[in-house]
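K.L.:
Build the 3D model from these lines:
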Amino acid sequence: MTYPPHIWNQLKNKSFHSLVSALRKDGWIPDETKGAEQVYRHPDGRRVVLHYHPSKTYGPNLLKALLKDIGWTEDDMRRLKLIK
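P.N.:
Predicted coordinates:
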């Protein structure tokens, strides 16, 4: 999924903690942790693995891949307050 520049500018600075907070608000639950990898599952069967990077943001390719795996639409991201 490609995002317009005004959306991408808001997303590219999201940290691990902001993504985890949004996942939990959306019903995702932590499943397992192996070192720096944390697995989250959604009740509908989706699964995503987040790599813990304290005080860092994700690179653009990794962030795009994570958002694709999570499956959020722009409306979902607004509802979860990731974007305005």
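
K.L.:
CA only for contacts and neighbour counts going forward, please
P.N.:
Noted.

K.L.:
ends of stretch 2-17, how far apart?
P.N.:
In terms of C-alpha to C-alpha, to the nearest Å, the two terminal residues of stretch 2-17 are separated by 23 Å.

K.L.:
excluding its backbone neighbours, what's nearest residue 60?
P.N.:
Closest residue in space to residue 60, ignoring its immediate chain neighbours: residue 12 at 6.7 Å, by C-alpha to C-alpha, 6 or more residues apart in numbering.

K.L.:
how near is the one you found to residue 71?
P.N.:
17 Å.

K.L.:
three-state assignment of the most centrally placed residue in the chain?
P.N.:
With distances taken as C-alpha atoms, centre = their mean, residue 19 lies nearest the centre of the chain, 4.2 Å away. Following DSSP: H, G, I helix; E, B strand; the rest coil, residue 19 is assigned to helix.

K.L.:
Tell me which residues touch the residue nearest to residue 60, please.
P.N.:
By C-alpha atoms under 8 Å, 6 or more residues apart in numbering, the contact list for residue 12 reads 57, 58, 59, 60, 63.

K.L.:
The second one: neighbouring residues, count only.
P.N.:
Residue neighbour count, defined by other C-alpha atoms under 10 Å, stands at 18 for residue 58.

K.L.:
Does it touch residue 15 like I think?
P.N.:
Yes. Between residue 58 and residue 15 there is a contact under C-alpha atoms under 8 Å: 6.9 Å.

K.L.:
can you give me the helices for this structure?
P.N.:
5-11, 16-25, 60-70, 74-79 (DSSP state H).
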